[in-house]
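1. Predicted coordinates and the sequence they were generated for:
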Amino acid sequence: MPQNTQQKYSLIEHLLFPPTRLNASKLKNQLNGKVVLITGASYGIGENLSRLLAHTNAHLILVGRTTEKLIEVQKSIQNEGGSAEIFPVDLRNDDEIQSLIRHLNALPRLDVFVNNAGKSIRRPLVESLDRYHDFSRTMAINYEAPVKLMLALLPQLQKSQGHVINISAINVLMAPAPYWAAYQASKTAFDQWFRSATPEIEHLKINTSIIYLPLVKTRMIAPTSSYDKMPAMTPEHVAKIIGKCIVNKKRIHKPWWSFFGELGSVLFRRTWARMARNRIKSSR
Ligand SMILES: NC(=O)c1ccc[n+]([C@@H]2O[C@H](COP(=O)([O-])OP(=O)(O)OC[C@H]3O[C@@H](n4cnc5c(N)ncnc54)[C@H](OP(=O)(O)O)[C@@H]3O)[C@@H](O)[C@H]2O)c1
């Protein structure tokens, strides 16, 4: 199990992202004999979570599009003594997601669903005039796919009194930023869906958690050069947070400082909107 997920942090990152103490034996006990579905297990946060859970006795179902990468993750889990199967699928494709659902519903049990697969796009509107697909594709993966999976898996999760963990972004709690309309709208849509459905899901005795993440150093943020020098978590650290959430079933996890951002988004809404307009003007 990775020992120190913070070795790569700067001083400011240490302050923003304090260490997460994960009790490995509690995680192991919690997942003993359980089945865990992780979407987006081929890269980034999902890959790191899968590698972390290799040290438990859970059976992992790894979902993503990139078969070679899923095989690589599966092999490394098996080398560590863990158990995993892969299911390569494009979650935006209805036929493919239905075949995944049939497979999952035929399993004897399903205990934990980590809704992690996602796609971000940063693009100015003026460069998107002939790119409606940017908006429909982000909705398909970030909103429609998890809704379809949730609806299909509720009976299984109810039977096992399971746990759903939604990997969200702190952006959805704060004032939106220009250029991010496609990502922001799709992540916010599922966040709203999930929060609205939570009392009904919990009534079925299924635990729910939402993890609101700040920037994380994965390939998702690599194309945005302005993020290069911004504080960001490591995906190993995020995996530990998810692991801890599996143990303590915390309903909402967000960085300690997100409260100030949320408050600022309300109090300084107009200032933020003016700054956004000025930014667009100066970039022309
Ligand atoms: N990185 C950040 O700064 C950040 C911040 C806040 C929240 N998040 C959230 O964290 C989650 C994981 O992101 P990440 O940073 O780990 O990004 P990542 O490294 O790009 O990983 C995304 C994962 O989602 C899978 N995926 C994407 N489209 C898919 C599709 N159509 N069908 C099936 N699988 C698909 C990818 O696999 P394939 O490419 O193999 O399909 C990959 O395994 C996302 O929900 C994201 O919104 C990330």
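-> Perfect, I can see it now.

2. Where does the residue lying closest to T39 once chain neighbours are set aside sit, in terms of helix or strand?
-> Leaving out its chain neighbours, the residue that sits closest to T39 by C-beta to C-beta, 6 or more residues apart in numbering is A117, at 3.8 Å. Placement of C-beta: from N, CA and C, glycine included. A117 is part of no helix or strand, with elements assigned from DSSP states H and E.

3. Hmm, A117 is touching E47, no?
-> No: the criterion here is C-beta atoms under 8 Å, and A117 misses it with E47 at 11.4 Å.

4. Would you mind measuring from the spatially most central residue of the chain to the ligand?
-> In the chain, the centroid-proximal residue (C-alpha atoms, centre = their mean) is I167; its distance is 2.8 Å. Applying C-beta to the nearest ligand atom, to the nearest Å, the value for I167 to the ligand is 5 Å.

5. what about that residue, which SS state?
-> Secondary structure, DSSP: H, G, I helix; E, B strand; the rest coil: I167 is strand.

6. related to what we said a few turns ago, so what does the residue nearest to T39 have for phi and psi?
-> Phi and psi for A117, reported as degrees, to the nearest 10, are phi -60, psi 140.

7. try A239
-> Dihedral angles (degrees, to the nearest 10) for A239: phi -60, psi -40.

8. Repeat that for I210.
-> Dihedral angles (degrees, to the nearest 10) for I210: phi -120, psi 130.

9. that older thread, might one say that the residue nearest to the centre of the chain is in contact with V114?
-> Yes: between I167 and V114 a contact is recorded at 6.9 Å, counting by C-beta under 8 Å.

10. any residues in contact with both of these two?
-> Here I167 and V114 have I242 as joint contacts, going by C-beta atoms under 8 Å, 6 or more residues apart in numbering.

11. Can you check which helix is longest in the chain?
-> In the chain, taking DSSP state H as the definition, the longest helix is helix 181-203.

12. what sits up against stretch 159-166?
-> 34, 109-115, 146, 150, 156-157, 190-191, 194, 201, 205-211, 242, 245-246, 249.

13. Among these, which ones are in strands?
-> Counting by DSSP state E, the part of the contacts of stretch 159-166 found in strands is V112, F113, V114, N115, N207, T208, S209, I210, I211.

14. Scan those and report the most crowded one.
-> The most crowded member of the ones in strands among the contacts of stretch 159-166, judged by other C-beta atoms under 10 Å, is V114 (28 neighbours).

15. Enumerate every residue touching that one.
-> V114 neighbours (C-beta under 8 Å, 6+ apart): V36, L37, I38, T39, G46, L49, I165, I167, I242.

16. now G64
-> Taking C-beta under 8 Å, 6+ apart, we find G64 in contact with T39, G40, A41, S42, Y43, G46, L70, P88, V89, A117.

17. Would you list the phi and psi of it?
-> According to degrees, to the nearest 10, the main-chain angles of G64 amount to phi 180, psi 180.

18. List the residues that contact the residue nearest to it when sequence neighbours are not counted.
-> Computed as C-beta to C-beta, 6+ apart, the closest residue to G64 that is not its neighbour in sequence is S42, at 3.3 Å. Residues in contact with S42 (C-beta under 8 Å, 6+ apart) are L62, G64, R65, T66, K69, L70, V73.

19. Now with 10 Å, please.
-> By C-beta atoms under 10 Å, 6 or more residues apart in numbering, the contact set of S42 is 50, 62-73, 86, 88, 117.

20. re earlier: mind listing the shared neighbours of A117 and E47?
-> Joint contacts of A117 and E47 (C-beta under 10 Å, 6+ apart) are I38, G40, A41, G64.

21. just checking: which of those also lie near the ligand?
-> Near the ligand, judged by C-beta under 6 Å from any ligand atom, the entries from these are G40, A41, G64.

22. Distance check, R270 against the ligand.
-> As judged by C-beta to the nearest ligand atom, R270 and the ligand stand 26 Å apart.
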